[in-house]
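S.K.: Prediction below, plus the sequence it came from.
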Amino acid sequence: MKLIEKLKTALLGTNNGEIRDPDGIYFYVRCSKCGAPVRVRADRHHDLEHNFENGGYVWHKEIMDGACFSLMYATVHFDEAQRVMEQEIAGGEFITWEIYQTLIQSA
Ligand SMILES: [Zn+2]
């Protein structure tokens with residue numbers, strides 16, 4: 001029973017509500033047109049591309065928000081340990097998880 005509870009916690013998220021997902025890296029963005037918040041997941045094994053030129057990894061993502069359906073284009077650079085080094089986005093902005101929570105709760 002204890003193990004099941006632990007698994008449940010691992011699948012459903014930590015106490016503060018942020019998802020625990022060792023294979024996923026989560027980004028929170030906000031549409032610059034309508035302000036809608038969007039959560040995007042990058043899979044460490046499938047979505048990150050090796051950056052052969054500069055080392056590390058790079059992730060390109062087209063993100064569509066569910067409110068006005070405009071596209072945002074995100075590019076994130078990672079080091080060899082898949083830590084975020086640099087992130088840029090067109091059509092929106094990166095926001096923190098805390099801001100994301102506030103926005104979806106007030107929506
Ligand atoms: Zn929008």
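M.R.: Noted; the coordinates are in hand. Residues are numbered from 1 along each chain as shown.
S.K.: only C-alpha atoms for contact and neighbour calcs from this point on.
M.R.: Will do.
S.K.: I would like the residues contacting stretch 48-55, please.
M.R.: Applying CA atoms under 8 Å, 6 or more residues apart in numbering, the external contacts of stretch 48-55 come out as Ala42, Gly56, Tyr57, Val58, Trp59, Asp79, Glu80.
S.K.: Show me where this protein has its helices.
M.R.: 2-12, 97-106 (DSSP state H).
S.K.: Would you single out the least confident of those?
M.R.: Mean pLDDT is lowest for helix 2-12 among the helices of the chain, at a mean of 51.
S.K.: got the residues of this protein near the ion?
M.R.: Residues of the chain lying close to the ion (CA under 5 Å from the ion) are Cys31, Lys33, Cys34, Cys68.
S.K.: For the closest residue to the last one other than its chain neighbours, report the pLDDT, please.
M.R.: On the basis of CA to CA, 6 or more residues apart in numbering, the spatially nearest residue to Cys68 that is not a chain neighbour turns out to be Cys34, at 6.7 Å. Note on Cys34: pLDDT of 96.
S.K.: Quick check, Cys34 in contact with Phe69.
M.R.: No: at 9.5 Å, Cys34 and Phe69 do not qualify as touching, with contact defined as CA atoms under 8 Å.
S.K.: Would you mind writing the ChimeraX command to select the buried ones in the residues of the chain next to the ion?
M.R.: Listed next is the ChimeraX selection for buried residues among the residues of the chain next to the ion, using 16 or more other CA atoms under 10 Å:
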select :31
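S.K.: Quick one: mark the members of the residues of the chain next to the ion that sit in strands.
M.R.: Cys31 (DSSP state E).
S.K.: Which one of the residues of the chain next to the ion is nearest to Ala90?
M.R.: Lowest distance from Ala90 to those (CA to CA) belongs to Cys31, with 9.4 Å.
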